[in-house]
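fold the following and give me the result.
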Amino acid sequence: MPNSKPMSCVAGALRRARWAGFALTWAALSAGARPAAAQAAPAEESDEPLGAYLDALVQAGRMPGEPATTERLRQVLEEAEALFARGDARPATAVLFGVVESRRFEPLRDTPSYQNAEFLLGRALARGRAFRGAERYLGRVVARGTSQPYFVPAYRAMVDLALETARFAAVAARLDALAPPDTLPEDSRDERAYLSGRAVWGDGPRADAAFASVSPRSRLFPAALYFRGLIAVRQGELDGARKAFCRIADQRARDRLTFNVDHRFFRLKDMARLALGRIAHERGRYDEAYLHYFAIPEESERLNAALFEASWSMLQKGQFVAARAFAEQFDRLFPRSPLRPEVALLRANLAVKTCQFDGARTEATALVSRYQPLSALASRVRTDEAARRHLLLRLMDGQAGQGDDLEGQLVQVLALDDDFRERLAMLSELEVDRAEALVSVETWRALGALAETARTRQPPTASVEAVVVLEDTQRLLAQAPPDPDLVSRLTALARDASSLAYPMAEAGPYASEARKARDTLTALDELRAQTLHSLRESLRVAVADADERLRNILAKTRLVHIDAVVGKKKKLELEIAGLAEGRLPAALFYKMQAEGTLADDEIYWPFEGEEWADEYENYR
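Okay, here's the model as predicted:
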C-alpha cells in the first residue's frame with residue numbers, strides 16, 4: 001500500500017502557483033495590466049487568484065476574449081487529456097486552469113464537460129504532487145452531489161489522495177462534510193468504509209469491523225482483506241489470517257474475477273503470498289511455505305525476500321540441495337540486496353549441515369572478513385552526526401550504492417524504507433521549487449521597478465552593500481558542494497540580502513504579489529529543513545538497525561566456526577574408530593578400490609569432465 005507522505009501535501013500546496021502558469025501571468029503584467037488585487041473581484045477562494053489573473057490576461061490582449069462555447073470547452077478537454085495521457089501533468093494543469101478559473105466559462109459550470117475539467121485538473125494536480133490543490137478541485141466536483149456524472153470517480157480520487165498523503169481522518173471528515181455518508185452510492189460507501197478502517201488502524205476491532213463492511217465489488221476489497229489478515233496475525237489468529245491471505249493469493253487471472261481490482265492488486269497478491277509463506281514456516285509446514293514462496297513471480301519487488309525465506313524453509317526441512325539453489329539464485333539476481341549478510345550466514349550454516357566443515361569455515365571466515373569492517377563503520381556512524389551527514393550526502397548521489405568502498409558497502413546493507421526514498425526524491429523536487437520561487441520573487445520586483453520607473457521616470461535605488469553581499473552569495477551558491485546544510489544557509493543569506501537590496505516597497509503596485517512569493521520561498525526553506533531532519537532521523541534508525549543486524553550475524557558466525565570445528569573433530573573421531581574396527585571411510589574405500597586395479601606403471605586420474613567417443617581405443 002502507499003506509504004505515508006504527510007509533508008508532500010504541504011509541498012504541493014506551496015507548489016500550486018507555479019503550476020498555474022507563471023509565463024502567462026508575466027505576459028499579462030508585462031503588457032501593463034494592473035495587479036490582481038485591483039483588477040477584479042476575488043476568485044472563489046482567496047488563496048487561488050488565478051481567475052483575476054486570467055481576466056488580466058484577457059484585458060491585456062494576451063488571451064483571446066472570444067465567448068466560451070461548448071465546442072471550445074470540448075477542444076480544451078481533448079488537449080488536456082492528451083497531455084495528461086502522455087504524462088505531461090504541468091502543461092495539462094495550465095490548460096485546465098484556463099477553464100475552471102476563467103470567468104468566461106462560468107455559464108458552462110453546470111455542464112458535464114466543465115465538471116470533467118474540474119475532475120481532470122484535480123487528477124493532474126495530484127500527479128504533480130500538488131495534493132492540496134487537487135483536493136480543492138476534486139472537492140468541488142464531490143460537492144455537486146451524488147447525481148452528477150463525475151461524483152463517483154472524484155470521490156475515488158479523493159480517497160486516493162488520503163491514501164497517498166496518509167491524511168485518512170482529515171480527508172474522511174472533508175468528504176463527510178461534502179457528501180453525508182447516508183447519501184452515498186454503494187461504490188462510495190465502500191471507499192468511505194475502507195478509509196475509516198485506515199483512520200482507526202491502531203484499534204484492531206474497530207478497524208476490522210470497518211474493513212469487513214467493504215463489499216467484494218469494491219476495488220479496495222483486496223486491500224481490506226489484507227489488512228484484516230494483518231489484524232488477525234496481531235491477535236494470534238493464524239487460521240483467520242491464512243483465510244484472508246488465501247482469498248487474495250488464490251485469485252487467478254484466467255478465472256472469472258470474484259472482485260474488482262486496481263493497480264494495487266498484484267502488489268497485494270505478492271505480499272499475501274509472502275505472508276502465507278511466513279505463516280506456514282512458523283507452523284513448521286516447510287513444503288507449504290516453499291510453494292507459497294515459489295509462486296512469487298520474478299518481476300515482483302518481493303522476490304529477494306521470498307528467495308531468502310524459501311532457502312531458510314528448505315534448510316529447516318532438511319532439503320539442502322533446494323536451499324542451496326535458492327541461495328545461489330538470490331546471489332545471482334540480487335548482488336546488492338540488503339539481505340546479503342543474512343544469505344552469507346545461511347550458506348555457512350548449509351555447509352555445516354551437509355558436513356562440509358572446511359567449506360563452512362571458509363564461508364564463515366569470508367563473512368567475517370567482509371562484514372566486520374562494515375559493523376565497525378556502522379557502530380561509528382551510529383554515534384557520529386558528522387559521519388551520518390556525510391553518508392546522507394552519499395545517498396543523495398544516484399551512485400551511492402554502487403561503490404566498492406566501505407561506505408558504499410554500508411549503503412547496500414541499509415534497509416531503507418519507501419518513506420526514506422520518497423523524502424529523498426521530495427528533497428530534489430524542493431530544490432527545483434525553491435529555484436522557481438526565487439525567480440518569481442525577482443520577477444515581481446522587476447515588474448514593480450518597471451512600473452515605478454514608468455511613473456517617476458527614475459529607477460528605484462538599491463543598497464549597494466546589500467547588492468554586493470547578494471552577488472557574492474550567488475557566486476558561492478554556484479560553487480557550493482552538494483551539502484544540504486550549507487546550501488540552505490547560503491540560500492537564506494541570499495534571500496535576506498535580496499530583501500535588503502530590493503525592498504518589497506519598491507515592487508510598487510506588485511508589492512503584495514512579491515511578498516507572497518517571498519513567503520512561499522520562506523515556507524519552502526522551512527519545509528526543506530523539515531525534510532532534511534526527517535531524512536537524518538530515518539537514516540539514524542536505518543544505521544542503528546544495520547549495526548544490530550551485523551552484530552547479530554557476526555555473533556552467529558562465531559557459532560558456525562565452533563560448529564565446523566566440533567563437527568570436523570567428531571567426523572575424524574568416527575573415521576578413526578572405524579579404522580580401528582577395520583572399516584574404511586566411504587571416500588577412502590572407493591579411492592583405494594580404484595587404485596587397486598591399476599598396474600605399477602599406471603596412475604589414478606580422477607574423472608573431471610565428460611568423455612568423448614573418440615577418446616576410446618576401440619571406438620568404431
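
low-scoring stretches of the stretch 251-400 of the chain, by residue?
Counting by pLDDT under 70, the stretch 251-400 of the chain has low-confidence residues at 251-262, 398-400.

tell me how many other residues surround Ala224.
The local packing of Ala224 (other Cβ atoms under 10 Å) involves 26 other residues. Where you see a C-beta, it was placed from the backbone N, CA and C, and this is true even at glycine.

can you point me to the longest helix in this structure?
The helix spanning the most residues in the chain, taking DSSP state H as the definition, is helix 511-580.

list the helices and strands that one packs on?
When contacts are defined as 3 or more Cβ pairs under 8 Å, 6 or more residues apart in numbering; DSSP states H and E, helix 511-580 packs onto helix 6-19, helix 340-353, helix 357-383, helix 385-396, helix 406-413, helix 418-456, helix 484-501.

how far off centre is the third one?
Counting by Cα atoms, centre = their mean, to the nearest Å, helix 357-383 is centred 30 Å from the centre of its parent chain.

swap in the fourth one?
Helix 385-396 has its C-alpha centroid displaced from the chain centroid by 20 Å (Cα atoms, centre = their mean).

elements contacting it?
Counting by 3+ Cβ pairs under 8 Å, 6+ apart, helix 385-396 packs on helix 357-383, helix 406-413, helix 418-456, helix 484-501, helix 511-580.

quick one, which of those helices gets closest to Glu282.
Using Cβ to Cβ as the measure, helix 511-580 is the one of the helices and strands packed on helix 385-396 that comes nearest Glu282, at 19.7 Å.

wait, doesn't His561 sit right on Arg361?
Yes: taking contacts as Cβ atoms under 8 Å, His561 lies within contact range of Arg361: 6.2 Å.

need phi/psi at Glu237.
Summarising the backbone geometry of Glu237 under the convention degrees, to the nearest 10, its torsions are phi -90, psi 80.

neighbour count winner among His561 and Arg361?
Arg361 (20 against 17).

how many neighbouring residues does the residue nearest to that one when sequence neighbours are not counted have?
In space, Arg361 comes closest to Ala564 once its chain neighbours are excluded; the distance is 4.6 Å by Cβ to Cβ, 6 or more residues apart in numbering. Burial of Ala564 is recorded as 24 neighbouring residues (other Cβ under 10 Å).

which residues does Ala564 contact?
Residues touching Ala564, when contacts are defined by Cβ atoms under 8 Å, 6 or more residues apart in numbering, comprise Ala351, Val352, Phe357, Asp358, Ala360, Arg361, Ala364.

give me the pLDDT for it.
pLDDT, Ala564: 90.

and the gap between it and Arg347?
Using Cβ to Cβ, to the nearest Å, one gets 13 Å for the distance from Ala564 to Arg347.

ok, Val541 next?
Taking Cβ to Cβ as the measure, Val541 falls 28 Å from Arg347.

compare these two (neighbour count), which wins?
Remark: of Val541 and Arg347, Arg347 carries more neighbours, 23 against 14, as counted by other Cβ under 10 Å.

contacts only, for the more buried one.
Contacts were defined as Cβ under 8 Å, 6+ apart; by that measure Arg347 touches Arg324, Ala327, Glu363.

give me that answer again for 10 Å
When contacts are counted by Cβ atoms under 10 Å, 6 or more residues apart in numbering, Arg347 touches 311, 315, 323-324, 327-328, 330-331, 359-360, 363-364, 366-367, 560.

can you flag the buried ones in those?
If you count burial by 16 or more other Cβ atoms under 10 Å, the buried members of the contacts of Arg347 come out as Ser311, Leu315, Ala323, Arg324, Ala327, Phe330, Gly359, Ala360, Glu363, Ala364, Leu367, Val560.
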